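*Asks:* Sequence and predicted structure, then a few things I'm wondering about:
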Amino acid sequence: QLVVSGGGLVQPGGSLRLSCAASGFIFDDYAIGWFRQAPGKEREGVACISRRGGSPDYAGSVKGRFTISIDNARKAVSLQMNGLKPEDTAVYYCARTRWGPGWKSWVDYWGQGTQVTVSS
């Protein structure tokens with residue numbers, strides 16, 4: 001199970017933090033990715049991390065603004081989003097996947113989505 005929390009409305013330049021709490025599977029065997037889907041657009045892989053992997057992977061559009069991290073005690077993955085822009089507005093999802101260059105295509109379980117709206 002993947003339970004998402006966070007999201008909401010924020011002004012441009014602001015920050016939000018999303019969390020994805022994992023349970024019911026061996027956390028170390030998988031990677032957790034964050035995806036987003038804006039109205040009328042395809043779902044986009046935003047960031048991915050694995051406890052057994054190397055450095056986290058980020059989409060170019062968020063690199064330097066978003067930070068993905070693991071809370072080991074809680075088996076949760078957070079996405080800290082800073083410097084938010086209106087184009088970051090989307091429904092954000094976390095997902096269980098496999099670590100590697102194809103992580104965006106290897107998702108086998110989705111958490112629920114949460115709305116992030118960046119607007120003044």
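*Replies:* Received it, and whenever you're ready, just let me know what you need. Numbering: from 1, shown residues only.
*Asks:* Centroid-nearest residue for the chain?
*Replies:* Residue closest to the average C-alpha location in the chain (CA atoms, centre = their mean): Trp34, at 2.3 Å.
*Asks:* host element of that residue?
*Replies:* strand 31-37 (DSSP states H and E).
*Asks:* Go ahead and measure how far that strand is from the middle of the chain.
*Replies:* With CA atoms, centre = their mean, to the nearest Å as the basis, strand 31-37 stands 4 Å off its chain's centre.
*Asks:* What of stretch 90-98?
*Replies:* 5 Å.
*Asks:* Pull up the distance across stretch 35-47, start to finish.
*Replies:* 7 Å (CA to CA, to the nearest Å).
*Asks:* Contacts for it next, please.
*Replies:* The contact list for stretch 35-47, computed with CB atoms under 8 Å, 6 or more residues apart in numbering, reads 33-34, 56-59, 61-62, 66, 68, 79, 87-95, 103-104, 107, 113, 116. The way it works is simple: take the backbone N, C-alpha and C, and place the C-beta from them, glycine included.
*Asks:* re earlier: got a pLDDT number for the residue nearest to the centre of the chain?
*Replies:* Predicted confidence (pLDDT) for Trp34: 98.
*Asks:* My guess is it contacts Leu18. True?
*Replies:* Yes. Counting by CB atoms under 8 Å, Leu18 is a contact partner of Trp34 at 7.0 Å.
*Asks:* Pull the number of nearby residues for Ser55.
*Replies:* 6 (other CB atoms under 10 Å).
*Asks:* residue contacts, it?
*Replies:* So Ser55 contacts nothing (CB under 8 Å, 6+ apart).
*Asks:* That one and Val91, how far apart?
*Replies:* 26 Å (CB to CB, to the nearest Å).
*Asks:* before we move on, what about Ser120?
*Replies:* Ser120 is 20 Å from Val91, by CB to CB.
*Asks:* Kindly report the same for Ile70.
*Replies:* 23 Å.
*Asks:* Check Val77 too.
*Replies:* In terms of CB to CB, Val77 sits 17 Å off from Val91.
*Asks:* Isn't Gly113 up against Tyr92?
*Replies:* Yes. Applying CB under 8 Å, one finds Gly113 in contact with Tyr92, separated by 6.4 Å.
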